[in-house]
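S.K.: Here is my input, please return the structure:
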Amino acid sequence: MKQTGDLIIEGVLVCTNRSCMSEFPIIDGIPIVMADLRQYISRNYQWIMNRTDLSDVTESLIGDCCGPESTYDAQRRYLSSYAFDHYGGMNPYQEDPSSVVPGSILHLVREGLNRAGSGISAPVLDMGCAVGRSAFELAENSDDIVLGVDLNFSMLKTAQTILREGIVRYPLRRGGVVYDRREFPVTFKNAEQVDFWCCDVAGLPFADNTFGLAASFNVIDCVASPYGHLVELARVLLPAPHGKAIITTPYDWSASATAIEAWIGGHSQRSETRGDSPGLVRSLLSSGEFPQSIDGARIISETESIPWPVRIHDRSVVQYDVHLIAAEFYDQKVKSPQKEV
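M.R.: Residues are numbered from 1 along each chain as shown. Reported below is the predicted structural model:
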């Protein structure tokens with residue numbers, strides 16, 4: 001086991017249930033807790049084993065060799081867009097004049113907390129945390145632990161480096177396969193409450209009724225099972241009024257991320273709902289409104305459209321309009337007020 005202070009850099013978690021005794025690795029400070037660990041490791045070993053000690057010159061040479069549309073370039077594109085939005089506004093060197101103002105994730109977090117209402121008095125789960133800024137922002141509004149979970153190991157490595165070293169380091173795409181490295185120090189209030197794990201948001205390794213807040217920022221349209229994700233979110237939350245959920249999504253469905261059969265709307269416009277994604281999500285989060293509605297679910301508040309600009313490169317920006325819902329889930333043994341109306 002490798003350890004720095006209280007942080008385990010490398011080790012193995014072992015389930016204490018003697019009928020299980022499953023092992024889960026901790027790599028670069030990130031526990032990988034997956035039901036099908038063998039499949040995840042085999043599909044992501046290149047990112048788990050990816051070196052972070054190469055110069056930007058060497059990385060650019062590798063990028064040229066791999067070329068556009070390669071998995072290497074795809075990962076750098078994701079890191080560029082997400083890290084710029086999450087941390088670009090904290091760059092003291094102001095190297096990146098852009099038509100895009102970074103920090104839209106902060107706007108979503110703050111608007112979500114405002115919509116959810118009341119303080120956070122229990123552990124917080126940031127589902128699909130990407131490179132981690134949302135988790136740090138949630139920690140600044142909480143006195144309890146904040147756990148960020150994601151499947152993208154490269155993004156988790158970036159988040160864990162920021163947590164462990166206080167250094168933001170990422171490739172910023174200029175265009176094509178041309179990237180500039182950005183590196184600068186950052187500090188966050190209550191950072192000691194934050195950690196990052198590799199977990200599946202549609203199959204979480206946590207007990208029922210564990211968290212006081214579960215946040216899902218622009219995740220629903222990026223997972224294999226959007227409905228399973230919502231069910232898991234409801235399962236791990238404390239029953240209302242102690243647990244709250246914040247869910248945002250632009251409904252940017254893609255068959256490369258989610259099989260069309262699993263989309264929540266976005267298809268079958270000949271049906272009664274006419275493929276209306278926001279309407280279907282509302283029904284799923286309103287107990288009794290739909291056969292598949294989550295039992296005990298109730299929407300507290302929502303905002304139909306919040307801008308979410310995403311920087312692609314120097315001359316390209318994608319502008320999304322995000323649907324935000326704050327919800328809570330009553331214990332299945334207790335009737336939701338909506339059912340009583």
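S.K.: partners of Ala214 in the sheet?
M.R.: Leu125, Ala245 (DSSP bridges).
S.K.: correct me, but it touches Gly128?
M.R.: No - Ala214 is beyond contact range of Gly128, at 10.8 Å (criterion: C-beta atoms under 8 Å). (C-beta placed from N, C-alpha, C; glycine too.)
S.K.: between the two, who's got more neighbours?
M.R.: Counted by other C-beta atoms under 10 Å, Ala214 and Gly128 do not tie: Ala214 has more neighbours, with 27 against 21.
S.K.: Which residues are in contact with that one?
M.R.: Val124, Leu125, Met127, Leu233, Val236, Leu237, Gly243, Lys244, Ala245, Ile246 (C-beta atoms under 8 Å, 6 or more residues apart in numbering).
S.K.: Now flag whichever of those residues is closest to Ser118.
M.R.: The closest of these to Ser118 turns out to be Lys244 (C-beta to C-beta; 7.5 Å).
S.K.: Could you list the residues in contact with stretch 91-104?
M.R.: Residues outside stretch 91-104 that contact it (C-beta under 8 Å, 6+ apart): 84-89, 168, 172, 180, 182, 184-185, 307-311, 314, 317.
S.K.: now these: which count as buried?
M.R.: Buried residues within the contacts of stretch 91-104, defined by neighbour count using 16 or more other C-beta atoms under 10 Å: 84-88, 168, 172, 182, 308-311, 314.
S.K.: mind listing which of the residues you listed are in strands?
M.R.: Val168, Leu172, Arg182, Trp308, Pro309, Val310, Arg311 (DSSP state E).
S.K.: Output the residues you listed in a markdown table; the columns should cover pLDDT and distance to Ser99.
M.R.: Listed next are those as a markdown table, based on pLDDT from 0 to 100; distance: C-beta to C-beta, whole Å:
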| residue | pLDDT | distance to Ser99 |
| --- | --- | --- |
| Val168 | 97 | 21 |
| Leu172 | 95 | 15 |
| Arg182 | 94 | 18 |
| Trp308 | 95 | 15 |
| Pro309 | 95 | 9 |
| Val310 | 95 | 12 |
| Arg311 | 95 | 9 |
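S.K.: Could you single out the nearest of the residues you listed to Tyr227?
M.R.: Nearest to Tyr227 among these is Trp308, at 22.6 Å by C-beta to C-beta.
S.K.: show me the contacts for that closest one.
M.R.: Shown in contact with Trp308 (C-beta under 8 Å, 6+ apart): Ser104, Leu108, Asn218, Pro250, Gln319, Tyr320, Asp321, Val322.
S.K.: helix or strand for the last one, which one?
M.R.: Okay, so that is Val322. Using DSSP states H and E, Val322 sits within strand 316-329.
S.K.: list the buried ones in that strand?
M.R.: Across strand 316-329, burial judged by 16+ other C-beta under 10 Å covers Tyr320, Val322, His323, Leu324, Ile325, Ala326, Ala327, Glu328, Phe329.
S.K.: Give the partner strands of it in its sheet and their orientations.
M.R.: According to DSSP bridges, strand 316-329 forms sheet pairs with strand 244-249 (antiparallel), strand 297-313 (antiparallel).
S.K.: Highest mean neighbour count out of the ones you listed?
M.R.: Neighbour counts (mean count of other C-beta atoms under 10 Å) averaged over each of the strands paired with strand 316-329 peak at strand 244-249, with a mean of 26.
S.K.: Perfect, that will be all.
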